[in-house]
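S.K.: Build me a structure from this.
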Amino acid sequence: EVQLVESGGGLVQAGGSLRLSCAASGFPFADYAIGWFRQAPGKEREGVSCISSSGSYTYYADFVKGRFTIHRNNAKNTVYLQMNNLKPEDTAVYYCAATEICQYEYDFWGQGTQVTVSS
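M.R.: Numbers count the residues shown, from 1 in each chain. This next block holds a predicted model:
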């Protein structure tokens, strides 16, 4: 069974930090790129970051560049999203998803983890 399980969300004050984790199982993790997405209430889902299967390529949306860092540990089948200098507008449910290549459609999705940033 394919699983992507996000964790690490929570409530933090503006300027604070959180580290999200995405633990994968049931598919060849090292062959897949992993992306992070978010969806705020009343808004469409948007892409946040992506890391290639080897970790050699990373992508960041403009609104998180310089604040968020993505990395992966293929030995642990886990991808991390370090989020620093959080802003209230970062409040959303964060999802991780798996795809062959970052620019492709995503095959597998997690259930999401809530991130709330208070002002």
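S.K.: Tell me how far the residue sitting nearest the centre point of the chain lies from V79.
M.R.: Geometric centre of the chain, nearest residue: W36, 2.9 Å, by C-alpha atoms, centre = their mean. Distance of W36 to V79, computed by C-beta to C-beta, to the nearest Å: 8 Å. To be clear about C-beta, it is placed using only N, CA and C from the backbone, and glycine gets the same treatment.
S.K.: any residues in contact with both of those two?
M.R.: Listed as contacting both W36 and V79 by C-beta atoms under 8 Å, 6 or more residues apart in numbering are C22, I70, C96.
S.K.: What is the nearest of those to D90?
M.R.: Using C-beta to C-beta, I70 is the member of these that lies nearest D90, at 14.7 Å.
S.K.: quick one: secondary structure of the closest one?
M.R.: Secondary structure, DSSP: H, G, I helix; E, B strand; the rest coil: I70 is strand.
S.K.: One more: the one 5 residues further on?
M.R.: When the structure is split into helix, strand and coil by three-state DSSP, A75 lands in coil.
S.K.: Adjust the sequence numbering to begin at 54 for everything that follows.
M.R.: Fine by me, first position is 54 from now on; the one you just mentioned is A128.
S.K.: What is the burial count for it?
M.R.: By other C-beta atoms under 10 Å, 8 other residues sit near A128.
S.K.: what's the answer for the one 5 residues further on, then?
M.R.: Here the number of neighbours of Y133 (other C-beta under 10 Å) works out to 20.
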